[in-house]
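Peer 1: mind looking at a prediction? Sequence and model below.
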Amino acid sequence: MERVLWGLLFWGIGSQFAIAETPVPDANRAYQYLKDVCDIGPRISGTEGMLRQQKMIADHFTKFSAEVRYQEFDVTHPQTGAPVRMKNMIVSWHPDRTERVLVCCHYDTRPFPDQEATAANRAKPFIGANDGGSGVALLMEFAHHMKSINPKLGVDFVFFDGEELVYSKGDKYFHGSEYFATQYRDNPPENFRYVKGVLLDMVADRNLNIYIEKNSYKYAPEVTRSIWETARKLGVREFINRQKYEIRDDHIPLNLIAKIPTCDIIDFDYPYWHKRNDLPAACSGKSMAKVGRVVLAWLDEN
Ligand SMILES: [Zn+2]
C-alpha cells in the first residue's frame, strides 16, 4: 500500500517536471505579431492586404528555415463573379517525417463586420484581430520554439485562405480547408500522411475561456481529450473540461473529407465576434501564450 502511494507520488513529480520543461511562448512577442498582422488592415481573400500578409508569413518562417509552400486555386467571388485566387500556405518542420500533425488556422478576414446592429457600422472595416489574426500570430510565435520541442511526428502549419469570403447568407465558407481536404483525399501524398490535427481560431480574447467544441469531441475525441489533459497537467485552467458550443469551422472538412482527426481550439465567448471592435485592444498576449503553451506541450508529446 505504501509503496504504491510512493510510486504514484514520484510518478506525479516526474510527470510535472517533464511538462515544466516544455517551452513557454513569449506573450509580448506574440502580441506584437498580432499587432503587426492587424497593421496590414483587412486581409480579405484575393486583396492587397492578403498579399502583404502572405509575404509577411513567408518571410518570417523562411528566417526560421522552415519549408514554405503554397496550394493555389481559384474560386468565384460571391458578389462580382470574378475569379479570386486562393492560396493556402503550408509551413513544414521536419519535412522528411512520414507521419505528420497539422497545426492550422484561417488567415483571411471577413469582408465586413456583419454582426454589427446598424448598416452604418456594418460598412466599417473589419480588422479581425482575434478572428483571423490570433492564429497567425501564435503560429509566428511558435517558430521560436520549434527547435526546443521534439515530437516524433513532423509538423505542418497550414494557413487556410477563404474561410469566410462571405457577403450574404448562402455564400460558401471554408474554401481553403475544403480544397486542402479534398486534394488530400483524392491525390493522397505518396511520402507522408497526417495522423491528427489541431485548429486554432480566436485564441487571444483578453478574457480567455476555451470549452470543448462539440464537433471536435464528436469527430476527434482522442485528440480533443489529449489536448485538455495536457492543459490540466500544465494547470492552464482556461481550458475548461466541458462542452459548450457546436461550431462549424475549418476542422469539419479535415475530419469529414480528409479523415484527419482534428480538434478546434476556439474561444467562442468573444464579445467582438464579427464586430468592428475585434481589434488588438480586445486581445491579450498572455491569453495567446497560454494557448500556445498547451499546444506546444501537446505537440511535444506526439
Ligand atoms: Zn469569423
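Peer 2: Noted; the coordinates are in hand.

Peer 1: can you count the residues close to the residue of the stretch 201-302 of the chain found nearest the ion?
Peer 2: Per C-beta to the ion, residue 274 is where the stretch 201-302 of the chain lies closest to the ion, at 5.8 Å. Glycine gets a C-beta too; all of them are placed from N, C-alpha and C. Using other C-beta atoms under 10 Å, the number of residues around residue 274 comes to 18.

Peer 1: contacts only, for the closest residue to the ion within the stretch 1-150 of the chain.
Peer 2: Closest approach between the stretch 1-150 of the chain and the ion, counting by C-beta to the ion: residue 131, at 4.1 Å. Neighbouring residues of residue 131 by C-beta atoms under 8 Å, 6 or more residues apart in numbering: 109-110, 201-202, 270, 273-274, 278.

Peer 1: check those residues and tell me the two furthest apart.
Peer 2: Farthest-apart pair in these is 109 and 270; separation 14.5 Å (C-beta to C-beta).

Peer 1: which of the two has more residues huddled nearby?
Peer 2: Higher neighbour count among residue 109 and residue 270: residue 109, with 31 against 23, using other C-beta under 10 Å.

Peer 1: so that one, which of the three states?
Peer 2: State at residue 109, reduced to three classes by DSSP: H, G, I helix; E, B strand; the rest coil: coil.

Peer 1: helix or strand: which one has residue 121?
Peer 2: Assessed by DSSP states H and E, residue 121 sits inside helix 119-122.

Peer 1: would you mark the buried spots in that helix?
Peer 2: The neighbour-count check on helix 119-122 (16 or more other C-beta atoms under 10 Å) flags residue 122 as buried.

Peer 1: per-residue confidence at the residue of the stretch 1-150 of the chain closest to the ion?
Peer 2: Residue-level confidence at residue 131 comes out at 98, pLDDT.

Peer 1: in three-state terms, label it for me.
Peer 2: Put simply, residue 131 is helix when judged by three-state DSSP.

Peer 1: try the one 4 residues further on
Peer 2: Under three-state DSSP, the three-state class of residue 135 is helix.

Peer 1: my read is that it contacts residue 107, right?
Peer 2: Yes - here residue 135 reaches residue 107: they are 7.1 Å apart, a contact under C-beta atoms under 8 Å.

Peer 1: tell me which of those two has more neighbours.
Peer 2: Taking other C-beta under 10 Å, residue 135 and residue 107 do not tie; residue 135 has more neighbours (31 against 28).

Peer 1: for the residue nearest to that one when sequence neighbours are not counted, what are its contacts?
Peer 2: If the residues on either side of it in the chain are set aside, residue 135 comes closest to residue 105, at 2.5 Å by C-beta to C-beta, 6 or more residues apart in numbering. By C-beta under 8 Å, 6+ apart, the residues touching residue 105 are 134-136, 138-139, 159-160, 199-201, 250.
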